[in-house]
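*Asks:* Could you work out the structure for the sequence below:
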Amino acid sequence: MQDSFRDNLTMLTDFYEITMANGYFSNGFEDKIVYFDMFFRRIPDGGGFAIMAGVQQLVEYLDNLSFTKEDIEYLRGKKIFSEKFLEYLENFKFSCDVWAVPEGTPIFPGEPIVTVRGPVIQAQFIETMVLLSINHQSMIATKANRIVRAAQGRAVMEFGSRRAQGFDGAIYGARAAYIGGCCGTACTISDVKFGIPALGTMAHSWVQLFDTELDAFRAYAREYPNQCTLLVDTYNVLKSGVPNAIKVFQEELLPQGFRPAGIRIDSGDITYLSRKARKMLDEAGFEDCKICASNSLDEYIIRDMLIQGAQVDSFGVGERLITSSSEPVFGGVYKLAGVEEADGSITPKIKISENVSKITTPCFKNVWRLFDRESGKAIADVITLHDETIDDSKPYIIFDPEHVWKRKSVSNFRAVELRTQIFKNGKNISRPRELQEIQAYCRSQVDTLWDEVTRFENPHQYYVDLSQPLWDIKNRLICEHTV
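*Replies:* A predicted model of the protein is given here:
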């Protein structure tokens, strides 16, 4: 049973999506074409941007979307669904068009990062998996990118498998962390599945099992002389751990022609201990021996450690990364934006709320990013109607959609469509990308953001504007529903 659930995720859906599908069917809406958008309202940790991730898992889900006999029997047993509806599900074939922002792209609140066009039963039914796939990995990729940037070029390893929320959280969390910039993972299966370098040395139990710390270090050095990293905080970092490590490096590695890979400190005042350890290693002739730090780290602790002069070359980050513990909810939502009529026209749909942030943007839309041609930096994003184009050969007016008097003319810019189509008429037309390619793309795209946007505290709010035609439609609908 467990394996069948892993292979077939069709029923990983909120039950109301099935009850609504049955209701749509009984009301003759099964062929009604609609448009749904996924977007998010707030950036985790008060940051300036988020990172898109999880698209490949969404693609795999949609590629395998079908109802098994067991699924149908389960629904029949509920005794609330019509036989005609169950027959419809038996012959179900995904036929939607889907657009998504590529993984690794910086994204901002309010932007339609995924759009689904297709029969309402299908477009509604996939809501949970669209949100689950994108929300989870985008949250982890965003957190990982913050931690990697805090490390200022030092390697960050994802060490959180044992603290993840379930095995999928560990596996796909490692994937998202790699997209965000981590150099590897402790999760072996993520290396098997995605090619993320699996990293790791020893635990304290290795040291404890031997009669002495020195014996433990000798045994490990003899077993792995070409990649010897020793955990030095089991008993006392400065009085025994580092001295014993140096002794083993001198007596076991050097005679065989090997140099030590490093030491790891997992407890205590790592800033102080790393400075002392660095001095001891250097004086012993091991200037090339790296120091790795772990132990409940996050971007703020890493940043402060480095400000205070920590002599750390790499970081292993676990629970606070794999769970994004400071902000463990990404908050993406999936809302109806339009209904396609028989003549091909699109009737815009909007949700009104007294909470301004919950008012949706109607219509079938596109998203553009404007880049300054001289600096290469991102100026703003503009959400337009799907058939609008932004002519970057002439000046373009952008304006704040909530404070419309705030306007700016931009020129000498390059306009790029952010989204790509990944499904057409239900067929997967996406190009799978290697994870290393996605990571490199993420790094290059984050580099296009101004420092004011990437800082941790009080970042500059990046401009996400609406085109004039789209704003006019949204404003008209708001007036129609509120006056």
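
*Asks:* need the contact list for the residue sitting nearest the centre point of the chain.
*Replies:* The centroid of the chain falls nearest to Ser138 when counting by Cα atoms, centre = their mean (2.3 Å). Ser138 makes contact with 40, 50-54, 107, 176, 330, 332 under the criterion Cβ atoms under 8 Å, 6 or more residues apart in numbering. Quick note: C-beta positions are derived from backbone N, CA and C, even for glycine.

*Asks:* one more time with 6 Å, if that's ok
*Replies:* 50, 52-53, 330 (Cβ atoms under 6 Å, 6 or more residues apart in numbering).

*Asks:* which of those tops the neighbour count?
*Replies:* With neighbours taken as other Cβ atoms under 10 Å, the top of the contacts of Ser138 is Ala53, carrying 33 neighbours.

*Asks:* re the thing from before, and the contacts of Ser138, which is closest to Ala144?
*Replies:* Set against Ala144, the nearest of the contacts of Ser138 by Cβ to Cβ is Ala53 (9.3 Å).

*Asks:* if we can go back for a sec, redo the contacts of Ser138 as JSON lines? Include pLDDT, secondary structure and distance to Val339.
*Replies:* Below are these laid out as JSON lines (pLDDT from 0 to 100; DSSP: H, G, I helix; E, B strand; the rest coil; distance: Cβ to Cβ, whole Å):
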{"residue": "Ala50", "pLDDT": "98", "secondary structure": "strand", "distance to Val339": "29"}
{"residue": "Met52", "pLDDT": "98", "secondary structure": "coil", "distance to Val339": "27"}
{"residue": "Ala53", "pLDDT": "98", "secondary structure": "coil", "distance to Val339": "30"}
{"residue": "Phe330", "pLDDT": "96", "secondary structure": "coil", "distance to Val339": "28"}
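
*Asks:* returning to what we had before: in which helix or strand does the residue nearest to the centre of the chain reside?
*Replies:* helix 127-150 (DSSP states H and E).

*Asks:* Find the nearest non-adjacent residue to Pro243, please.
*Replies:* Once flanking residues are discounted, Pro243 sits nearest to Met280: 7.4 Å by Cβ to Cβ, 6 or more residues apart in numbering.

*Asks:* Isn't that neighbour up against Gly241?
*Replies:* No - in this structure, Met280 is not within contact of Gly241 by Cβ atoms under 6 Å, at 10.1 Å.

*Asks:* If you count surrounding residues, which of those two has more?
*Replies:* Remark: of Met280 and Gly241, Gly241 carries more neighbours, 24 against 18, as counted by other Cβ under 10 Å.

*Asks:* ok, that one - contacts?
*Replies:* So Gly241 contacts 232-233 (Cβ under 6 Å, 6+ apart).

*Asks:* part of a strand, is it?
*Replies:* No - going by DSSP: H, G, I helix; E, B strand; the rest coil, the assignment for Gly241 is helix, not a strand.

*Asks:* I'd like the numbering to begin with 36 instead of 1 from here.
*Replies:* Fine by me, first position is 36 from now on; the one you just mentioned is Gly276.

*Asks:* any idea how far Asp250 is from it?
*Replies:* 14 Å (Cβ to Cβ, to the nearest Å).

*Asks:* burial of the nearest residue to Phe64 once chain neighbours are set aside, as a residue count?
*Replies:* Nearest residue to Phe64, sequence neighbours excluded (Cβ to Cβ, 6+ apart): Val155, at 5.5 Å. Residues lying near Val155 (other Cβ under 10 Å) number 21.
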